[in-house]
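Novice: sharing a sequence plus its predicted fold:
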Amino acid sequence: MGRYLQEWVNPDSRWLGFFTKMAAITPHAPGMGGNRGWGWVLRGDAHDPLGDLWPESSAAHTGYTRTSVAFDIKSGIWCVLLTNRVHFGRTHDITAFRRRFHNVVISHFGPGLCG
């Protein structure tokens with residue numbers, strides 16, 4: 001996952017071109033009640049897993065067990081959270097934990113981004 005996200009934030013990526021990246025993190029469903037790119041949840045979406053400190057140029061993707069990947073294309077910061085919410089049953093919600101985790105990552109690795 002780390003290598004995959006590094007390609008998203010690397011301006012010299014051999015696999016993902018600049019225009020592909022920009023198209024993927026551009027909102028493609030305006031007026032449909034969300035803010036989604038091509039496979040990515042963008043800032044401002046109701047299901048945005050990021051905390052409130054990530055910049056508008058960030059994107060994320062989540063999984064059923066509450067895993068998440070996130071990156072900010074401008075700063076180059078990325079993170080992966082591997083979790084298993086169903087280990088203790090399917091009713092445990094860790095949304096607040098995930099947002100706190102992402103806030104810690106961006107505040108630690110992205111000084112100056114957090115206002």
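Specialist: On my side now, so go ahead. Numbers count the residues shown, from 1 in each chain.
Novice: report the longest helix in the protein, please.
Specialist: helix 95-109 (DSSP state H).
Novice: report the buried residues of it.
Specialist: For helix 95-109, the neighbour count (16 or more other C-beta atoms under 10 Å) marks R98, R99, F101, H102, N103, V105, I106 as buried. All C-beta atoms are positioned from the backbone trio N, CA, C, and that covers glycine.
Novice: relative to A24, how far out is the residue lying closest to I106 once chain neighbours are set aside?
Specialist: Leaving aside its sequence neighbours, I106 sits nearest to L53 (C-beta to C-beta, 6 or more residues apart in numbering; 4.8 Å). Noted for L53: a distance of 22 Å to A24, by C-beta to C-beta, to the nearest Å.
Novice: for L81, same thing?
Specialist: 20 Å.
Novice: show me what the longest helix of the chain is in contact with.
Specialist: For helix 95-109, contacts defined as C-beta atoms under 8 Å, 6 or more residues apart in numbering pick out 49-54, 60, 62, 66, 68, 70, 72, 77, 79, 81, 83, 113-114.
Novice: quick one: which of these sit in strands?
Specialist: The strands, defined by DSSP state E, take in A60, T62, S68, A70, D72, C79, L81 from those.
Novice: the residue nearest to the spatial centre of the chain pairs with what?
Specialist: Taking C-alpha atoms, centre = their mean, the centroid of the chain lies closest to A60, which sits 2.1 Å from it. For A60, the beta-bridge partners are V41, A70 (DSSP bridges).
Novice: which ones are touching it?
Specialist: Contacts for A60 (C-beta under 8 Å, 6+ apart) come out as W40, V41, D48, P49, L50, S68, V69, A70, F71, H102.
Novice: what sits against T62?
Specialist: Under the criterion of C-beta under 8 Å, 6+ apart, the contact partners of T62 comprise V41, H47, P49, S68, R98.
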